[in-house]
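K.L.:
Sequence first, predicted coordinates after that:
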Amino acid sequence: MGFVARLKQQLFRWHSDGAAPFRLGQRRIFILPTRAGLLFAAALAVMLIGAINYNLALGHALVFLLVGLGMVGMIHTFRNLHGLVVSPGRCLPVFAGETAYFELILDNDRRTPRQALELEAEPGQTVVTAVGRLQITPIRIPVHAASRGWLALPRVRLATRYPLGLFTAWAYLQPAMRSLVYPRPIAAPLPTASPLPVDGERCGDGGREDFAGFRERQPADSPRHVAWKASARQAGDGALLIKQFSGGAELDLTLDWQQTDDSLPVDTRLGILTGWLLAAEAAGRPCGLRLPDQEIPPGSGDSHRRHCLEALALCQP
């Protein structure tokens, strides 16, 4: 790191503020005149030269009055940020290509409102807000989520030009916040399914809803499926009986990494799996997920969906 970079890091506090609330003190707030402020100062200089040249007492008084007004405006601009408490909030997961919104909570514990606060994490994405007296205001900072994985909140610039617009006061915020970005879903036909296991074993050619009778036990049948009472009634016959059911056959839909084209990029293959997962959820079909680094058994519901999406977002093939 060069000298200029180290100087900027020291001056503008590029280190993380952590996950705890923090208060803006005087060492974190910077203030400079705006273009309007520089023009105002130039106009005052011309007026002062004219007052001196023509020996105008009222001209001197007007210049000094306007200078005092500018100084008071500078103090109020600084005070609009000083003492503001900032706390990290929540950030919900999004899909790649969408906009993630990081929530910051602004706490004003004084009896005067804070007006015209501008927050910006990316160029052109400025959020303007105000915090009333003794109020707490949540604000959402938009950040574009370009790729899957963890997205950390960039450095946020909090600025204000209130009340006169002659000065800009600003502070840099770097709370420890991140959002999980899921792969961008790609629409594709669902893969074929296989019979769903029942009590750890695969179903046969029947279902498991309506009782259809008995059959003799085969070596591949699990002892769990033996009809012990019916087998005991078979006098002199040592064959065990297995219950048979018909109807209601279910299918085990497992979304497998190997079912995608290995010539495609990793993010594209994960996007196809994400599209399959959302399509299965929309159809109300339980599904599992098999990735190179982990396997998730079939299931359904919001918790299962979040688990699968998180695995897809953090997958490292």
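P.N.:
Here it is on my side, so go on.
K.L.:
could you pull out the helices for the stretch 101-250 of the chain?
P.N.:
With DSSP state H, counting those that start in this stretch, the ranges of helices along the stretch 101-250 of the chain come out as 228-232.
K.L.:
So which residues of it form strands?
P.N.:
Using DSSP state E, counting those that start in this stretch, the strands found in the stretch 101-250 of the chain span residues 114-120, 126-131, 135-144, 149-152, 156-160, 167-173, 178-182, 194-195, 197-198, 201-202, 210-216, 241-246.
K.L.:
low pLDDT regions in this structure?
P.N.:
Counting by pLDDT under 70, the chain has low-confidence residues at 1-15, 193-213, 217-225, 234-238, 243-252.
K.L.:
Nearest residue to the middle of it?
P.N.:
Central residue of the chain (Cα atoms, centre = their mean): Ser179, 3.1 Å from the mean position.
K.L.:
isn't that residue right next to Ala145, touching?
P.N.:
Yes - with contact taken as Cβ atoms under 8 Å, Ser179 and Ala145 are classed as touching, separated by 7.0 Å. C-beta here means a position set from N, CA and C on the backbone, and glycine is covered the same way.
K.L.:
what touches both of the two?
P.N.:
94, 100, 151 (Cβ atoms under 8 Å, 6 or more residues apart in numbering).
K.L.:
Make a PyMOL selection of the buried ones in those.
P.N.:
Remark: buried members of the shared contacts of Ser179 and Ala145, expressed as a PyMOL selection using 16 or more other Cβ atoms under 10 Å:
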select buried, resi 94+100+151
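K.L.:
Any chance of the shared contacts of Ser179 and Ala145 in TSV with distance to Leu134 as columns?
P.N.:
As requested, those are exported to TSV (distance: Cβ to Cβ, whole Å):
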residue	distance to Leu134
Val94	34
Ala100	31
Leu151	34
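K.L.:
quick one: which of the shared contacts of Ser179 and Ala145 is nearest Glu281?
P.N.:
Val94 (17.0 Å; Cβ to Cβ).
K.L.:
Show me the chain divided up by domain.
P.N.:
The record assigns the chain these domain ranges, following automatic domain parsing: 1-181, 207-246, 251-313.
K.L.:
CSV for the ones you listed, including distance to Thr192?
P.N.:
Rendered in CSV, the data for the domains of the chain read as follows (distance: least, Cβ to Cβ, whole Å):
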stretch, distance to Thr192
domain 1-181, 26
domain 207-246, 18
domain 251-313, 9
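K.L.:
Once you drop chain neighbours, what's closest to Pro191?
P.N.:
Once flanking residues are discounted, Pro191 sits nearest to Gln259: 5.0 Å by Cβ to Cβ, 6 or more residues apart in numbering.
K.L.:
Thr137 pairs with what?
P.N.:
Judged by DSSP bridges, the bridge partners of Thr137 are Leu106.
K.L.:
which residues does it contact?
P.N.:
When the contact criterion is Cβ under 8 Å, 6+ apart, the partners of Thr137 are 105-106, 108, 129-131.
K.L.:
Quick check on those residues: which are buried?
P.N.:
If we count by 16+ other Cβ under 10 Å, these have these buried: 106, 108, 129-131.
K.L.:
how close does the residue nearest to Pro191 sit to Ile242?
P.N.:
Distance of Gln259 to Ile242, computed by Cβ to Cβ, to the nearest Å: 33 Å.
K.L.:
again, but for Gln26
P.N.:
If you measure Gln26 against Ile242 using Cβ to Cβ, the figure is 81 Å.
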